[in-house]
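> sequence and predicted model, in that order:
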Amino acid sequence: MSSSTIKVTYRIETADDVEALAAKIASDQSTGTFVAVPGETPELKARVAARVTAIRPLEPTETPSFPQPGAEGRVYRRADADIEFPFEAVGTDLAALMTIAIGGVYAIKGFSGIRVVDMKLPPEFAGAYPGPQFGVAGTRALTGVQGRPVIGSIVKPALGLRPHETAELVRELVEADVDFVKDDEKLASPAYSSLEDRVKAIMPIILDREQKAGRKVMYAFGISHADPEQMLRNHDIVAEAGGNAAVININSIGFGGLSFLRKRSQLALHAHRNGWDILTRHPGLGMEFGVYQQFWRLLGIDQFQINGIRVKYWEPDDSFVRSFEALTTPLFSPQDCPMPVVCSGQWGGQAPETYARTGRTLDLLYLCGGGIVSHPGGAAAGVRAVRQAWEATVEGVPLETYAREHPELAQSLAKFGGDAKDA
């Protein structure tokens with residue numbers, strides 16, 4: 001019998017008793033039900049029952065996260081509650097962990113808000129799942145990039161380009177010495193641009209450039225599919241053509257889909273988290289990214305998109321910084337860290353703040369879609385502008401100063417200014 005525990009922290013909000021609701025989570029999500037049952041013996045509880053180990057009060061609120069009809073004028077208490085689940089009750093099954101520690105909590109009565117804000121897993125999880133196959137070091141090795149961020153772009157328009165049109169844009173990007181290109185997450189295998197036809201159009205360009213430049217641009221093809229076996233066939237199309245990466249819509253394929261793929265994969269798996277916002281956008285509901293990302297890292301994601309500074313979406317900069325810190329903090333060893341992918345409305349203008357707020361690290365994939373392909377001088381100039389922005393940032397030179405002798409960066413500053421929302 002293992003003495004290990006899984007500790008989950010819940011942010012509880014209620015007009016009632018915080019301590020009572022914390023105890024109810026522990027009971028309902030382990031041995032209990034709505035009424036005492038004969039089999040719930042003291043011995044059984046000692047072995048598998050969850051228990052509340054700490055409650056830390058927070059400032060109350062007068063605005064409930066869940067609507068509370070007829071409760072106007074009430075004060076809602078808030079607290080962070082640590083609850084420990086015996087390892088014996090859950091094991092290393094991530095589906096069981098999600099069901100027991102997270103999934104059922106939101107159905108419990110009495111909450112005006114409930115959010116999962118932290119999770120600490122015991123060492124037993126370290127060897128139970130494969131983790132990243134490539135991660136940070138592997139991404140650098142595959143792209144041949146050392147000592148600076150990996151610079152990437154996204155095929156835009158997201159939908160509508162036919163394979164030969166996509167190939168024309170890819171050719172321009174790779175000839176500008178971009179490090180990484182990806183399909184937009186919305187692109188699967190539509191009739192006008194099947195995966196097989198895209199691979200046939202794009203991979204000869206990638207391989208020809210590799211012969212000339214001595215390094216291979218990483219192209220991540222969208223291979224996600226609801227049928228894991230079809231997704232594996234998609235994987236094989238890319239791998240057999242000499243490709244080395246794939247875009248995976250992790251929320252769409254689920255734990256089982258990713259587990260099935262990772263065990264058989266030869267490609268670097270690039271996670272797009274579309275749908276994540278459903279789980280986190282309300283600050284009083286859902287869960288923190290620091291909890292969510294642990295599942296996907298264990299299952300084997302190599303690169304993880306997490307938005308960036310001054311994004312085009314809703315996420316605040318502080319949230320991005322927390323996500324970056326979560327991905328770069330080992331779960332059990334440094335090898336289980338995926339490459340953070342900084343994205344969403346990025347161009348060179350956010351490089352200085354990104355560098356400063358991520359601890360002056362260069363271990364990231366800096367991904368720009370419109371910020372590269374919409375550059376006034378074309379996509380190739382867009383690649384050079386982003387690289388110049390990072391050169392200036394690392395050297396400690398203001399972008400405006402560096403731009404005096406770097407026309408591509410100057411054009412980028414004039415186009416996008418200090419605001420990335422249109423990039």
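Okay, I see it. Please read these numbers as outputs of a predicted model, since none were measured by experiment. Residues are numbered from 1 along each chain as shown.
> ends of stretch 14-21, how far apart?
8 Å (CA to CA, to the nearest Å).
> so what are the domain limits for the protein?
5-125, 135-416 (automatic domain parsing).
> mind checking how far the longest one is from the chain centre?
Domain 135-416 has its average C-alpha position 11 Å from the chain's average C-alpha position, going by CA atoms, centre = their mean, to the nearest Å.
> now the end-to-end length of that domain.
Domain 135-416 end-to-end distance (CA to CA) = 32 Å.
> and what of the shortest one?
With CA to CA applied, domain 5-125 spans 11 Å between its terminal residues.
> please report how far G371 lies from I306.
17 Å (CB to CB, to the nearest Å). (C-beta placed from N, C-alpha, C; glycine too.)
> of the two, which one has the most company?
Using other CB atoms under 10 Å as the criterion, G371 and I306 rank with G371 on top: 30 against 26.
> show me the contacts for the closest residue to the more buried one other than its chain neighbours.
Leaving aside its chain neighbours, G371 sits nearest to W347 (3.1 Å; criterion: CB to CB, 6 or more residues apart in numbering). Counting by CB atoms under 8 Å, 6 or more residues apart in numbering, W347 makes contact with C368, G370, G371, I372, G382, A385, V386, A389, S412, F416, A420, A423.
> just give the nearest non-adjacent residue to the fourth one, would you?
On the basis of CB to CB, 6+ apart, the spatially nearest residue to I372 that is not a chain neighbour turns out to be G382, at 3.4 Å.
> thinking again about what came up before, which ones among the contacts of W347 are found in helices?
G370, G371, I372, G382, A385, V386, A389, S412, F416 (DSSP state H).
> just the helices from the stretch 51-200 of the chain, written as ranges.
Here the stretch 51-200 of the chain has its helices, by DSSP state H, counting those that start in this stretch, at 87-90, 94-97, 135-143, 163-175, 195-213.
> actually the stretch 301-423 of the chain, not the one I typed
Using DSSP H, counting those that start in this stretch, helices in the stretch 301-423 of the chain cover 317-328, 351-357, 370-373, 379-395, 399-402, 407-416.
> for the residue nearest to G371, grab phi and psi.
Phi and psi for W347, reported as degrees, to the nearest 10, are phi -150, psi -170.
> tell me the confidence at it?
Note for W347: predicted pLDDT of 97.
> run through the stretch 301-423 of the chain and note the low-pLDDT ranges.
Along the stretch 301-423 of the chain, segments meeting pLDDT under 70 span 418-423.
> the same query, at a cut-off of 50, please.
419-423 (pLDDT under 50).
> quick one on the thing from earlier: right, so of the helices of the stretch 51-200 of the chain, which gets closest to A403?
With respect to A403, and counting by CB to CB, the nearest of the helices of the stretch 51-200 of the chain is helix 163-175 at 21.8 Å.
> if we can go back for a sec, closest to S333 among the ones in helices among the contacts of W347?
Using CB to CB, those come closest to S333 at V386, 31.7 Å.
> show me the contacts for the closest one.
V386 neighbours (CB under 8 Å, 6+ apart): I151, W347, G348, A351, Y366, C368, G371, I372, S412.
> change it to 6 Å
Going by CB atoms under 6 Å, 6 or more residues apart in numbering, V386 touches I151, G348, C368.
> which pLDDT value goes with the closest residue to A101 other than its chain neighbours?
Closest residue to A101 apart from its sequence neighbours, by CB to CB, 6+ apart: V8 at 4.8 Å. Listed pLDDT for V8 reads 98.
> quick one: V8 is in a strand?
Yes - assessed by DSSP: H, G, I helix; E, B strand; the rest coil, V8 belongs to a strand.
> shouldn't P376 be in contact with K415?
Yes - using CB atoms under 6 Å, P376 makes contact with K415 at a distance of 5.4 Å.
> who's more crowded, those two?
Shown here are P376 and K415; by other CB under 10 Å, K415 has more neighbours (18 against 13).
> burial check on R387, number of neighbours?
Neighbourhood size, R387 [other CB under 10 Å]: 23.
> where exactly do the strands run in the stretch 101-250 of the chain?
Applying DSSP state E, counting those that start in this stretch to the stretch 101-250 of the chain gives strands spanning 113-120, 150-154, 180-182, 218-222, 245-249.
> make CSV from these and add distance to R209 and mean neighbour count to it.
Output for the strands of the stretch 101-250 of the chain, formatted as CSV (distance: least, CB to CB, whole Å; neighbours: other CB atoms under 10 Å):
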stretch, distance to R209, mean neighbour count
strand 113-120, 43, 19
strand 150-154, 14, 26
strand 180-182, 11, 26
strand 218-222, 10, 26
strand 245-249, 15, 25
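> C337: which of those is closest?
strand 150-154 (14.6 Å).
> which among the contacts of W347 gets closest to L285?
A420 (28.0 Å).
> re the thing from before, how about a markdown table for the helices of the stretch 301-423 of the chain, with distance to I250 added?
Listed next are these as a markdown table, based on distance: least, CB to CB, whole Å:
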| stretch | distance to I250 |
| --- | --- |
| helix 317-328 | 14 |
| helix 351-357 | 23 |
| helix 370-373 | 24 |
| helix 379-395 | 26 |
| helix 399-402 | 34 |
| helix 407-416 | 30 |
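> so of those, which one's packed in deepest?
helix 370-373 (a mean of 25; mean count of other CB atoms under 10 Å).
> where does the prediction get shaky in the stretch 1-150 of the chain?
Checking the stretch 1-150 of the chain against pLDDT under 50 turns up 34.
> returning to what we had before: tell me which two in the ones in helices among the contacts of W347 are the farthest apart.
With CB to CB as the measure, no two of those lie farther apart than G370 and A389, at 15.2 Å.
> test my guess that Y366 contacts R148.
No - the criterion here is CB under 6 Å, and Y366 misses it with R148 at 9.2 Å.
> higher neighbour count, the two?
Y366 (30 against 16).
> deepest in the core, which of the domains of the chain is it.
Note that of the domains of the chain, domain 135-416 is the most buried (mean count of other CB under 10 Å), with a mean of 20.
> list of residues touching stretch 200-209?
P163, H164, A167, V170, R171, V174, V217, Y219, A241, G242.
> mind checking how far the closest residue in space to the fifth one that isn't next to it in sequence is from L173?
The shortest distance from R171 to any non-neighbouring residue, by CB to CB, 6+ apart, is to I205 (5.1 Å). Between I205 and L173 the computed distance is 9 Å (CB to CB).
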